[in-house]
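> The following block contains a protein sequence and its predicted model.
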Amino acid sequence: MPKVSIIVPIYNAEKYLRKCIDSIRNQSLSEIEIILVNDGSTDSSLAICEYYQKLDSRIRVIDQPNSGVSSARNSGLKVVEGEFIGFIDPDDWIEKDMYESMYEKATRLNADVCLCDYIEETCSVKTPIKLNLAEHILNKEQVLNNILPNMLSSNNLNSNAHKDVIMGSVWRMLIKKELIKKYNLQFEIGIPLAEDLIFCVQVLLNSNIVCIDPKPYYHYILKQNTAVNSYRENMYFLNRKVHLILEGILINKNVYVQLKERMDIRYVNMVVLNGISNETRKENKKSIKDKIKTINIICSDKKLKNIMKRVNTTGYTIRKRLVLFGLKRSSTLFLYSYYTLLNKIS
């Protein structure tokens, strides 16, 4: 049995795939299983996978029709044999000692999960992103108090509050297979965003011990024109669905009350960034009338209205207070004008 199984979901990644696979094959921990799931790529990704499969007996290739990243990861989960499971995106790469170090720490501490730091990379800038936790071994209560709140949202609505947010990405995790199988954890199908976060939250809520390996092993490559920074149709409705799924998970585990304030902040940020701001992006080809109509629907959201009744704007920047005032009053035209101008400037 391999010590670690690594699942790579692949869709049209020929430009980056070789570097990704090479970084896995060259791990200092040799007892690994590499599962490459080709999710209906139309470029040469499958051919690259098959080439490496012939080269390295530890590599296994799964070829399936295009069904999305969640489906690809779930296909990998069905066949894994390792003691622990890791995930890597095909356009990223990892340091040579990542899995040896994380596996050693997880097994020595009898942890269900090990999390590492990572490096955000653009073509010109490399930025280490650290967890900055005082404790490197956390029990259930500490995970609930110190990791999950910041993984769900920032601690306030100011734009600069995001610096304490913990990215909920499975590629920074090494997870005990036993835990995944015991709770039948899978990635949500039909959700084209935040599927990582949903899975991470479930993993952490079901873990008894979580350890931190405070080294930036993972290289997360940032690209332009991703879902984060370009217009996406129905972004608000997709994110609302994600929010309801997260809400259901927290309620089921009896921790919703404890995390409700962060969930409310998450909801308002979701409305502003993935709703109103998204509608005003220049890539949105709808008419101004239709944009304003959509923003009006978003501002009429009953859940948003209930949250806004409780929001205290004291301590927020003038710009943020204006936005919050606009949300409280459902000032559709003001919000449309404000974010149209902001998107043009940025």
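Good, I have the coordinates. Residues are numbered from 1 along each chain as shown.

> Name the nearest residue to Lys176, ignoring sequence neighbours.
Among residues not flanking Lys176 along the chain, Asp112 sits closest, at 4.9 Å (Cβ to Cβ, 6 or more residues apart in numbering). All C-beta spots, glycine's among them, are computed from the backbone N, C-alpha and C.

> Now do the strands in this structure.
For the chain, the strands defined by DSSP state E occupy 4-10, 32-39, 59-64, 84-87, 93-94, 113-121, 126-129, 137-139, 173-176, 209-221.

> contacts for the first one?
Judged by Cβ atoms under 8 Å, 6 or more residues apart in numbering, the contacts made with strand 4-10 from elsewhere in the structure are 17, 20-21, 24, 29, 31-39, 41, 45, 49, 69, 72-73, 76-77, 80-90, 99, 103, 174, 177.

> count of neighbours near Lys15?
Lys15 has 12 neighbours, counted by other Cβ atoms under 10 Å.

> Which residues are in contact with it?
For Lys15, counting by Cβ under 8 Å, 6+ apart, the contacting residues are Asp91.

> That one and Ile48, how far apart?
Distance of Lys15 to Ile48, given as Cβ to Cβ, to the nearest Å: 10 Å.

> Quick check: which ranges of the protein have low pLDDT?
Within the chain, the ranges that satisfy pLDDT under 70 run 161, 224-229.

> and if we set it to 80?
Within the chain, the stretches with pLDDT under 80 are 159-163, 223-230, 346.

> Just the buried residues of the helix ranked longest in it, please?
Under DSSP state H, the helix in the chain containing the largest number of residues is helix 235-252. By neighbour count on 16 or more other Cβ atoms under 10 Å, the buried set for helix 235-252 is Met235, Tyr236, Leu238, Asn239, Arg240, Lys241, Val242, His243, Ile245, Leu246, Glu247, Leu250.

> Going along the chain, name the helices of the stretch 151-300 of the chain.
When assigned using DSSP state H, counting those that start in this stretch, the helices of the stretch 151-300 of the chain occupy the ranges 177-182, 195-205, 235-252, 256-271, 278-279, 288-299.

> which of the ones you listed sits most buried?
helix 278-279 (a mean of 26; mean count of other Cβ atoms under 10 Å).

> which residues touch that one?
Tyr231, Arg232, Met235, Tyr236, Asn284, Lys286, Lys291, Thr294, Ile295, Ile298, Tyr336, Tyr339.

> out of the residues you listed, who's nearest Thr314?
Nearest to Thr314 among the contacts of helix 278-279 is Tyr339, at 23.5 Å by Cβ to Cβ.

> is it true that the closest one touches Asn284?
No: Tyr339 is beyond contact range of Asn284, at 11.2 Å (criterion: Cβ atoms under 8 Å).

> Of these two, which one has the most company?
Tyr339 (23 against 18).

> For the closest residue to the more buried one other than its chain neighbours, list the residues it contacts.
Distances taken as Cβ to Cβ, 6+ apart put Thr280 closest to Tyr339, at 4.2 Å, once the chain neighbours are dropped. Counting by Cβ under 8 Å, 6+ apart, Thr280 touches Lys291, Tyr336, Tyr339, Thr340, Leu342, Asn343.

> Make a markdown table out of these and add distance to Thr313.
Output for the contacts of Thr280, formatted as a markdown table (distance: Cβ to Cβ, whole Å):
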| residue | distance to Thr313 |
| --- | --- |
| Lys291 | 26 |
| Tyr336 | 21 |
| Tyr339 | 18 |
| Thr340 | 23 |
| Leu342 | 19 |
| Asn343 | 23 |
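
> farthest-separated two in the residues you listed?
When those are compared pair by pair using Cβ to Cβ, the maximum separation belongs to Lys291 and Leu342, at 14.3 Å.

> Cys211 bridge partners, please.
Taking DSSP bridges as the rule, Cys211 bridges to Cys114, Ile137.
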